[in-house]
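K.L.:
Pasting a predicted model and its sequence here:
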Amino acid sequence: MTHLNTDHLTPFGRVTSETIVRAAEQFGTPVYLYDEAVVVRKCQDALNMPNAYGLTVRYAMKANSNRALLQLINNQGLSLDCSTLNEVRRAHTAGIACDRMMLTSQEVPAGKDRQDLETMIREGLVYNICSLRQLKLIADFSVKHDQPMSIRINPGVGAGESVTRNTGDKYSSFGIHMANIEKALDVIHEKGFRINQVHVHIGSGGDPDMWRENIDRELMITEKYFPDAEIVNLGGGFKEARMPDETAADIQELGYYAKERFKDFYRRTGRKLHMSIEPGTYIVANAGYLVTSVVDEKWSGPTGFEFIILDAGMEANTRPLLYGSRHPFYVISNTGKLLSSEFDLSTMKYELDYRVVVGRCCESGDSQSLDYQGHIIPRTMANPEIGDYVVIGGTGAYCSAMSLYNYNSHVQAAELLLREDGKLKMIRKRQTLNQIIHNEQNL
Ligand code: LLP
């Protein structure tokens, strides 16, 4: 039998079956594990996206806001896209300056929040106006301090991996819709302030052709309505391939397209626009693994399923339940043999069968393999023993960040970083039960 201890789980990362056993034995399960080399490479790929007159890449920190990851990504030269004042504050406590951040938010800060916002803007935070109310409330400040603003437009056409992740059509409340653009322009002209950036984010994980189309649409909006704009922010949302049968958006190809369109724009208008993008998923999704232990197995009869019960599920990765998203599974024995990987089932020597992976929460939706209506979808994988590991891939983005970690009083899992030198570093401790109940009061 081949010893697969150092077999890589994926063709693109450094995590091996040995890394998984080491992580589990040193830090316990469940635990999130991130591959530094992948994060670094993705940052560099994004920074190398072709462009005509300069590019800023802002990492959408909502995807994963771990302090050490923010520092790593910032060190690579990326700025940040923040979606709340608290995200700005959080990044700031990680040592990232306000002038490396942009705020695109549904919030309408008042009181202390408003004061903080003004301080942050004066320290260089880019404020992206997302509603008519936000526009009216920031106008006088903008004029008084000669601070140009960014504006988020909802173009009326969007694309997402699911309806719930489309942020550019009539079902989406993000940004100022094209139907209200004249109202926005009235305020801008009346107050006399400058809009130096136009921002559109059409959604997450949608069809790359729609992303390409949006470049033309956004340039048209910029040309027609925003004569002072110097930056066009094309948003994030690049489709990432978490499963081997998925196709990722080709950001090189999208960049070449954007470059030509920005050059055309210059030829027409004499304006050289700086380009900005704000990927989240693209940077971290495939750098992440959720390492779990098999704690039990069950069978729901001849017409039912073979279940594998893990020590983590929907509370640690909610995406299958929320969107029907697929994440690859890897089965690893507790002695470090890679028993099956969905990236290469053909090479596996072990008995494979259809199985259903579930967690420990008390509802049937706690499966890591569901369709978008919540039906269980069995998957081909090796049969693990109790105490073996099942690793769930593609979990770097929106898994720890969106986890329901205290459901059923489960504690938030720890987070680890596989450094480029091969060492494992804990970048967030496991939560304790005391921390869950800390703020509660007696009757
Ligand atoms: N910019 C803005 C204004 C956004 O709202 C988002 C994501 C991004 C950039 C980054 O999008 P990304 O590159 O990560 O697709 N929870 C969902 C994704 C929701 C994204 C929300 N906004 C998921 O797990 O697929």
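P.N.:
On my side now, so go ahead.
K.L.:
how close does the residue in the stretch 51-200 of the chain positioned nearest to the ligand get to Ser276?
P.N.:
Going by C-beta to the nearest ligand atom, the ligand is nearest to Ala60 of the stretch 51-200 of the chain, at 3.4 Å. C-betas here are computed from N, CA, C, even on glycine. Distance, Ala60 to Ser276, by C-beta to C-beta, to the nearest Å: 12 Å.
K.L.:
So which residues on the chain come close to the ligand?
P.N.:
60, 63, 81, 104, 165, 201, 204-205, 235-238, 278-282, 319, 397-398, 402 (C-beta under 6 Å from any ligand atom).
K.L.:
For the stretch 151-300 of the chain, which segments count as helices?
P.N.:
181-191, 208-225, 251-269, 281-284 (DSSP state H, counting those that start in this stretch).
K.L.:
Go through those helices and name the closest to Cys98.
P.N.:
helix 281-284 (20.8 Å; C-beta to C-beta).
K.L.:
what is the rounded mean pLDDT of that closest one?
P.N.:
Across helix 281-284, pLDDT averages out at 98.
K.L.:
Packing partners of it?
P.N.:
helix 36-47 (3 or more C-beta pairs under 8 Å, 6 or more residues apart in numbering; DSSP states H and E).
K.L.:
shaky segments in the chain?
P.N.:
1-6, 347 (pLDDT under 70).
K.L.:
mind giving me the domain split of it?
P.N.:
For the chain, the structural domains run 17-30+286-435, 37-279, going by automatic domain parsing.
K.L.:
Wait, the residue of the stretch 51-200 of the chain closest to the ligand touches Glu278, no?
P.N.:
Yes. Judged on C-beta atoms under 8 Å, Ala60 makes contact with Glu278 at a distance of 5.0 Å.
K.L.:
Give me the common contacts of these two.
P.N.:
By the contact definition C-beta atoms under 8 Å, 6 or more residues apart in numbering, Ala60 and Glu278 are jointly contacted by 81, 236.
K.L.:
returning to that earlier point: please produce TSV containing the domains of the chain, extended by mean neighbour count.
P.N.:
As requested, the domains of the chain are exported to TSV (neighbours: other C-beta atoms under 10 Å):
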stretch	mean neighbour count
domain 17-30+286-435	19
domain 37-279	19
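K.L.:
Show me the one of those domains that comes nearest Leu9.
P.N.:
domain 17-30+286-435 (5.0 Å).
K.L.:
now the closest one, how far from the centre of its chain.
P.N.:
19 Å (C-alpha atoms, centre = their mean, to the nearest Å).
K.L.:
same thing with stretch 155-167?
P.N.:
Averaged over its C-alpha atoms, stretch 155-167 has a centre that lies 16 Å from its chain's centre (C-alpha atoms, centre = their mean).
K.L.:
can you check stretch 214-230 too?
P.N.:
With C-alpha atoms, centre = their mean, you get 26 Å for stretch 214-230.
K.L.:
Next, the residues that contact it from outside, please.
P.N.:
148, 151, 153, 155, 157, 168, 178, 181, 185, 194-198, 200, 202, 232, 234-235, 254, 257-258, 261-262, 265, 268-269, 271, 273-274.
K.L.:
Please state the backbone phi and psi of the residue in the stretch 301-443 of the chain positioned nearest to the ligand?
P.N.:
Closest to the ligand within the stretch 301-443 of the chain is Tyr398: 3.2 Å, counting by C-beta to the nearest ligand atom. The phi/psi pair for Tyr398 (degrees, to the nearest 10) reads phi 60, psi 30.
K.L.:
Likewise for Val57?
P.N.:
phi -110, psi 120.
K.L.:
And for the one 4 residues further on?
P.N.:
Phi and psi for Met61, reported as degrees, to the nearest 10, are phi -70, psi -10.
K.L.:
give me every residue that touches it.
P.N.:
70, 80-83, 87, 90-91, 280.
K.L.:
run the last query once more with 6 Å
P.N.:
80, 82, 87 (C-beta atoms under 6 Å, 6 or more residues apart in numbering).
K.L.:
distance between the ends of stretch 193-213?
P.N.:
29 Å (C-alpha to C-alpha, to the nearest Å).
K.L.:
sorry, back to before: partner residues bridging the residue of the stretch 51-200 of the chain closest to the ligand?
P.N.:
Asp81 (DSSP bridges).
K.L.:
For Ile138, pull up the helix or strand it's in.
P.N.:
helix 132-144 (DSSP states H and E).
K.L.:
For that helix, name the packing helices and strands.
P.N.:
Secondary-structure packing of helix 132-144 (3 or more C-beta pairs under 6 Å, 6 or more residues apart in numbering; DSSP states H and E): helix 181-191.
K.L.:
And for the helix it packs on, what's in contact with it?
P.N.:
By C-beta under 6 Å, 6+ apart, helix 181-191 touches 135-136, 139, 143, 176.
K.L.:
can you name the two of these that are farthest apart?
P.N.:
Val143 and Ile176 (18.8 Å).
K.L.:
how about the helices in the stretch 1-150 of the chain?
P.N.:
Going by DSSP H, counting those that start in this stretch, the stretch 1-150 of the chain shows helices at 17-27, 36-47, 67-75, 85-93, 111-122, 132-144.
K.L.:
Mind exporting the C-alpha coordinates of the first one to CSV?
P.N.:
As requested, the backbone C-alpha atoms of helix 17-27 are provided in CSV (Å, rounded to 0.1, in the frame of the first residue of the first chain):
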residue,chain,number,x,y,z
SER,A,17,-2.0,14.7,4.6
GLU,A,18,0.9,15.1,7.0
THR,A,19,-0.1,18.8,7.6
ILE,A,20,-3.6,17.8,8.4
VAL,A,21,-2.6,15.2,11.0
ARG,A,22,0.0,17.6,12.5
ALA,A,23,-2.6,20.4,12.7
ALA,A,24,-5.2,18.1,14.3
GLU,A,25,-2.8,16.5,16.8
GLN,A,26,-1.2,19.8,17.9
PHE,A,27,-4.3,22.0,18.0
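K.L.:
Quick one: distance of stretch 41-48 to the chain centre.
P.N.:
That offset, for stretch 41-48, works out to 15 Å (C-alpha atoms, centre = their mean).
K.L.:
shift numbering so it begins at 39
P.N.:
All set: I'll call the first residue 39, so the last point we hit is now stretch 79-86.
K.L.:
got a list of contacts for that stretch?
P.N.:
95, 111, 114-116, 317, 321.
K.L.:
Find the pair from those with maximum spatial separation.
P.N.:
Going by C-beta to C-beta, the pair spanning the contacts of stretch 79-86 furthest: Gly115 and Pro317, at 13.8 Å.
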